[in-house]
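S.K.: Show me how the following folds:
(chains A, B and C)
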Amino acid sequence: MEFSAKQIAEVIDGEVVGNEHITVQTFAKIEEGTTGAISFLANPKYTNYIYETKSSIVLVNKDFEPEHPISATLIKVDNAYESVAKLLNIYQANQPVKNGIDPLAHIAATATIGKDVYIAPFAYIGEHVTIGDHCAIYSHVSINDNVTIGSWTTLYPQTTIYHDCQIGNHCILHAGSVVGSDGFGFAPTSDGYDKIPQIGIVIIEDEVEIGANTCIDRSTMGATRIKKGVKLDNLVQIAHNVEVGENTVMCSQVGIAGSTKVGEWCMLGGQVGVAGHIKLGDKIQIGAQSGIAGNIKSNSKLMGSPAIDYSTFARSTVLFKNFPEIYKSLNEMKKEITELKKLLKK
Amino acid sequence: MEFSAKQIAEVIDGEVVGNEHITVQTFAKIEEGTTGAISFLANPKYTNYIYETKSSIVLVNKDFEPEHPISATLIKVDNAYESVAKLLNIYQANQPVKNGIDPLAHIAATATIGKDVYIAPFAYIGEHVTIGDHCAIYSHVSINDNVTIGSWTTLYPQTTIYHDCQIGNHCILHAGSVVGSDGFGFAPTSDGYDKIPQIGIVIIEDEVEIGANTCIDRSTMGATRIKKGVKLDNLVQIAHNVEVGENTVMCSQVGIAGSTKVGEWCMLGGQVGVAGHIKLGDKIQIGAQSGIAGNIKSNSKLMGSPAIDYSTFARSTVLFKNFPEIYKSLNEMKKEITELKKLLKK
Amino acid sequence: MEFSAKQIAEVIDGEVVGNEHITVQTFAKIEEGTTGAISFLANPKYTNYIYETKSSIVLVNKDFEPEHPISATLIKVDNAYESVAKLLNIYQANQPVKNGIDPLAHIAATATIGKDVYIAPFAYIGEHVTIGDHCAIYSHVSINDNVTIGSWTTLYPQTTIYHDCQIGNHCILHAGSVVGSDGFGFAPTSDGYDKIPQIGIVIIEDEVEIGANTCIDRSTMGATRIKKGVKLDNLVQIAHNVEVGENTVMCSQVGIAGSTKVGEWCMLGGQVGVAGHIKLGDKIQIGAQSGIAGNIKSNSKLMGSPAIDYSTFARSTVLFKNFPEIYKSLNEMKKEITELKKLLKK
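M.R.: The predicted model follows:
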């Protein structure tokens, strides 16, 4: 399918600067642009590419003012990133959709499957499972007894949902993700550890996306809960009894220890670690690789391991690099003081 | 099933304070208590919940003395955490158990399967595999040629055991865990790397629990060995030729590099990294996110990256936060010394 | 099969010191040597084991001069590590190879499968997939629509390749690895996040090895690209639109954020984190657990979070441990200066 700059501008409420009849049929990164492709410029780091891109159309923010001539047609919008998201969604919505239940899937007789569901070969669906309408269950997915899954949810290959857990509507679980594995709980004895049975569950609310090979443990009792709109990247660890508030985002390889409550609209950078049994407020931003050991107030911006206020961290870190020089200067001062004392005694 | 406070107290050798005839039929977290539930209080952080919990019974430590009235019946025991573990185990032992070999499993003709084994649809069991009695093999488990598995061991969905590896008795391997992938060994050449074949195996001894998506590499030659009673959380990495001593516990996302030996009864916090070719003694405690670069003596308590003695780390870390002020004060002192020198010259 | 020291020395161009007729039929670590085994000594840390090893033959570097008597026969070579790699490869090449397409595999009618391919039970191969000659596809591998795989490539159990991705020749993907999951891209809105569809792909070039449970996300548009000869250890995260240069090696649990370009011949230690939208040059070495926040020049050697020059880090880190003492001495100096000032005023 081909669309003209004019047609696209109408869809995303943009203003065409250049040839409104030029057409595109694909997307490309601005630095890899080709004739017939539409690109976008949202991150100022990539501004220099717009002057040399071969893309036919580039989406830009309204306030973008070129400093050199640009051969591409521009479409100016309020928010280039949001507009490209909209166009990509339209593109995606027009892709063919898998459907039907493959005879090589195993579906327990007691399971309930909704309408317009795709179930791939080798998917396993246990006893008393309920799956809503329009779900897609890819190959080798393992949905164990008594699991409930809402509508419009996608489970990519090799996803495992342990028994009794609940998944909401419009969720996406990527390949290899695990929901409901046992929480890591043991009682020490004189000759080893006794396992604490983990009889709770995991509840994943609506519109949650879970990355590849991410793990969410079931709770000892009650539920580990991932609230509406949460987005977890790949290889994230959520321990037992944790609660993650609405619309909180965690980048790859974050780990949250047991029984911790994370508020809503937080953003955790990659490889952040959060201790157990603590409480994080809302709208907290935590820099990559930070370690959080205690309760954190809403709206904090933190960095470091252990994490401190972001701006303090930035200043202290710069000094860390100069530490050998500072130490040298300290020793020199020490000598000077000794000298001064000698002089004074004279 | 319903049990009275009196009946429960008898099982866990506790003392009832309150109505010994009150009955419960489920478990609940103390902060989510409901009528008919039993809760427990072990972590003092949660003490305030006991005064408002709706649970019918709460297990507490013997030394707990309430400061306000409590509506729940208390059962006082030596160790509330151990007692709840015991009760949960009784509860768990009464849950229905899966059994039988599903016709959709693939079992090589040369494999030997013990008594009372459950094998789910789409499990793959290769040539010359031996599986002991009472094992549970969930869907999509891949047990490759010549693997030996003891009795009473559970492999959750999507677990992979590479060829020739050995798993002991009473082990639990969670979903997506991988045992026996190739060690990361390459010999550099002028135009790339030559793979060093990894012809060794992995040996998992008895009573080991391995978390979801945790990886344990086979050794170059000989064996990577996880000794009796070891507990590994989710997303842990154990490299080739590593040896982990009995009853050592590693939290989520720990990584141990090649050929390192970790002693027994150690505790490694989340996201700890340990370098290769080193030796850690026994009963070592390592704080979350620490990095261990060299040999460590038994009974050490360490923190930091690179890790240092725990108490030193605590003190240095506090000062790190004050670094900008310290630096300012240092510069002021420098000026004062210069002033003093001038004065003295006069 | 048995080989004499003389026969082995001929294959690896070595010089026999001792009994050239002694024979071996297996490999062993030098510290676990047995009669009939060949071991090697490459890392000087293990030198002491050579005087007590029970192995019949030990490969050593040419410059090795024993300080005590050795009972084993030595074979001296230019590079003991390379020579053992060569021998292990010969050993490996003589192991039996799996072949044939199992009737329990699911192969779409539109897929094209090369010659001498092994496809295990429960492997899933989607529409229009192309697989080259001599590939091995283990159980529960999921190869989705339109994927292309070269020749001599091995996919271990539970590997997932999402639709449209491309894998080269002579690649090895370990169990649970995921190629082509959605990049982590969302546009914030007032009441949550809109998903940015990820319509790009992943391209894995030739001779790439990917560790167990490692994840490589597809790009938003264009391709995430892993170039020839790259080696990724277990549990590594490669985000969308990343490019990894030829022969770069990443140890376990490394994470690379979106759109970053890593040069060739780099070495990243375990648990390293690299920020998004930056550029790393060639032949960079990054110490374990380091965090990279900005562009890095070729040939840099870095350490720390945030990472600084390696030698500066080493010096600053030593001082960090002495920080409490330094602080004490600083406060003493402050007092002395005050004393001096008082004295001078008199």
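S.K.: now chain A, which segments are flagged as low pLDDT?
M.R.: Filtered on pLDDT under 70, chain A yields the residue ranges A:346.
S.K.: and with 80 instead?
M.R.: Low-confidence segments of chain A, defined by pLDDT under 80: A:1, A:344-346.
S.K.: Okay, domains of it per the record?
M.R.: For chain A, automatic domain parsing gives the domain ranges A:3-93, A:100-311, A:321-345.
S.K.: Select, out of the ones you listed, the one closest to chain B.
M.R.: Comparison of those against chain B by Cβ to the nearest Cβ identifies domain A:100-311 as nearest, at 3.7 Å. Heads up, the C-betas are built off the backbone N, CA and C, glycines and all.
S.K.: gap between the two ends of the closest one?
M.R.: For domain A:100-311, the separation between the terminal residues is 55 Å (Cα to Cα, to the nearest Å).
S.K.: Quick check: buried residues in stretch A:169-186?
M.R.: For stretch A:169-186, the neighbour count (16 or more other Cβ atoms under 10 Å in any protein chain shown) marks A:169-186 as buried.
S.K.: just stretch A:84-97 next, same as before
M.R.: With burial defined by 16+ other Cβ under 10 Å, the residues of stretch A:84-97 counted as buried are A:84, A:85, A:86, A:87, A:88, A:91.
S.K.: quick check: angle from the helix ranked longest in chain A to helix B:323-345?
M.R.: When chain A is parsed with DSSP state H, its longest helix is helix A:323-345. Counting by axes from the mean of the first three to the mean of the last three Cα atoms, to 10 degrees, helix A:323-345 lies at 30 degrees to helix B:323-345.
S.K.: can you pull the contacts of residue A:178?
M.R.: With contacts taken as Cβ atoms under 8 Å, 6 or more residues apart in numbering or on different chains, residue A:178 has the following neighbours: A:159-160, A:162, A:213-216, B:158, B:174-176, B:212-213, B:234.
S.K.: at 7 Å what do you get?
M.R.: A:160, A:215, B:175, B:176, B:212, B:213 (Cβ atoms under 7 Å, 6 or more residues apart in numbering or on different chains).
S.K.: what secondary structure does the last one sit in?
M.R.: When the structure is reduced to helix, strand and coil (DSSP: H, G, I helix; E, B strand; the rest coil), residue B:213 reads as coil.
S.K.: quick one: it from residue A:184, how far?
M.R.: 13 Å (Cβ to Cβ, to the nearest Å).
S.K.: number of nearby residues for residue A:164?
M.R.: Look at residue A:164: counted by other Cβ atoms under 10 Å in any protein chain shown, it has 18 neighbours.
S.K.: got it, and the one 3 residues further on?
M.R.: The local packing count at residue A:167 equals 28, with neighbours defined by other Cβ under 10 Å.
S.K.: out of the buried residues of stretch A:84-97, who's near chain C?
M.R.: A:85, A:88, A:91 (Cβ under 7 Å from any Cβ of the partner chain).
S.K.: I'd like those residues written out as a markdown table, with secondary structure added.
M.R.: Output for those, formatted as a markdown table (three-state DSSP):
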| residue | secondary structure |
| --- | --- |
| A:85 | helix |
| A:88 | helix |
| A:91 | helix |
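S.K.: Just put the residues you listed in CSV and tack on distance to residue C:320.
M.R.: Shown next, in CSV, are these (distance: Cβ to Cβ, whole Å):
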residue, distance to residue C:320
A:85, 44
A:88, 47
A:91, 52
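S.K.: wait, which of those is closest to residue A:206?
M.R.: residue A:85 (19.3 Å; Cβ to Cβ).
S.K.: you'd agree the closest one is up against residue C:193?
M.R.: No: counting by Cβ atoms under 7 Å, residue A:85 stays clear of residue C:193, with 9.8 Å between them.
S.K.: Need the residues touching each of those two.
M.R.: Common neighbours of residue A:85 and residue C:193 are listed as residue C:187 (criterion: Cβ under 7 Å, 6+ apart).
S.K.: Point out the residues in the stretch 51-200 of chain A that sit beside chain B.
M.R.: Counting by Cβ under 7 Å from any Cβ, the stretch 51-200 of chain A sits next to chain B at A:106, A:122, A:124, A:140, A:142, A:158, A:160, A:176, A:178, A:181-182, A:184, A:186-187, A:192-197, A:199.
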